[in-house]
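Chemist: For reference, the sequence and a predicted model appear below.
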Amino acid sequence: QLQLVESGGGLVQPGGSLRLSCATSGFTLANFQIGWFRQAPGKEREGVSCISRGGTSTNYADSVKGRFTISRDNAKNTVYLQMNSLAPEDTAVYYCAVGPSSLLLRPCVSSEYRYWGQGTQVTVSS
């Protein structure tokens, strides 16, 4: 059974850092692109960052470029999102999701992603 479990969220002060993890099981991680998405209250889900199957290609939302870094360890079946210089506007539930199996990195949009984790809450507040 395919599973994605996010962890690492929490309450952090502005300017702080968090590292989210997405532990996967039930499928071969190396065969799929993986994305991180977030949804703030009253807002639509947005793509934060996505990574290609081998990890050589990535894309980021403009709002997080230079602050967030996505990575993956296919041997450990885990994808990470390192978040630095966090701001209140980063507050949201963060989800990881399984995307296309294509070798070329597809757009980081919800419609390209099929299976989702339950999410982890990130709150940035003083």
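Modeler: Looks like it arrived, so ask away. Numbering: from 1, shown residues only.
Chemist: Quick one: residues contacting residue 55.
Modeler: 71-72, 74 (Cβ atoms under 8 Å, 6 or more residues apart in numbering). (C-beta placed from N, C-alpha, C; glycine too.)
Chemist: right, I mislabeled it, should have said residue 94
Modeler: By Cβ under 8 Å, 6+ apart, the contact set of residue 94 is 6, 9, 20, 36-38, 48, 81, 119-122.
Chemist: Turn the contacts of residue 55 into JSON lines, including neighbour count, pLDDT and secondary structure.
Modeler: Listed next are these as JSON lines, based on neighbours: other Cβ atoms under 10 Å; pLDDT from 0 to 100; DSSP: H, G, I helix; E, B strand; the rest coil:
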{"residue": "71", "neighbour count": "14", "pLDDT": "98", "secondary structure": "strand"}
{"residue": "72", "neighbour count": "22", "pLDDT": "98", "secondary structure": "strand"}
{"residue": "74", "neighbour count": "17", "pLDDT": "97", "secondary structure": "helix"}
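Chemist: can you tell me how far the residue nearest the centre of the chain sits from residue 64?
Modeler: Note on the chain: the residue nearest the mean C-alpha position is residue 36, at 2.0 Å, using Cα atoms, centre = their mean. As judged by Cβ to Cβ, to the nearest Å, residue 36 and residue 64 stand 9 Å apart.
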